[in-house]
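1. test case, fold it:
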Amino acid sequence: MARQLQPEILINDRVGTSEDFVTPENVVAAQDQAWESCFTMNRTWGYAPCDRNYKPVHEVIRLLASCASQQGNLLLNVSPDGDGRIPIKQVEILRKVGRCLQLHGAAIYGAGPSPGTKIDSPSQSNTSKARGAMASAGATQLRLNNTAA
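-> This is a model prediction of the structure:
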């Protein structure tokens, strides 16, 4: 019904069916359709002031590069408190990643698989549309982060 009401909608696999893109959690693995790996900045998906086990900046950058090199996206969860404030440690990590991308973004933006690596062609009709929309949304978000940095 969603596609009847909104034909351009993108639907991920969390609805229980194979749709436009898949969203594996805590693993980076190339898929045969558009995908984004979902990770947290620390160990929890929600605000947990006691969870200070944050991923170091180099780990976030490694995850981003790994996703990009396999034609995927990285969904990196942040966990704002009840007033919508993102913990300062998460802001610091995001700003450092943003600064790294300002300097070395050409290695990430538009990246694809290494030469000689075969990634199966997409099996679903909306995969190209999903990849394009996800890439556009990611570029917009990175621009916002870089502006704020």
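2. ok, and the closest non-adjacent residue to Ile108?
-> Of all residues not flanking Ile108 in the chain, Ala68 sits nearest, at 5.0 Å (C-beta to C-beta, 6 or more residues apart in numbering). (Glycine included, C-beta is placed from N, CA and C.)
3. in a helix, that's where the one you found is, yeah?
-> Yes. Ala68: assigned to a helix according to DSSP: H, G, I helix; E, B strand; the rest coil.
4. hmm, Ala106 and it touching each other?
-> No. Under the criterion of C-beta atoms under 8 Å, Ala68 makes no contact with Ala106, lying 11.3 Å away.
5. between those two, who's got more neighbours?
-> Neighbours per residue, other C-beta atoms under 10 Å: of Ala68 and Ala106, the larger number sits with Ala68, 20 against 9.
6. distance check, that one against Val28.
-> Distance of Ala68 to Val28, computed by C-beta to C-beta, to the nearest Å: 10 Å.
7. got a list of what the residue nearest to Ala107 when sequence neighbours are not counted touches?
-> Counting by C-beta to C-beta, 6+ apart, Ala65 is the residue found nearest to Ala107 once chain neighbours are left out, at 7.1 Å. Residues in contact with Ala65 (C-beta atoms under 8 Å, 6 or more residues apart in numbering) are 107-108, 111.
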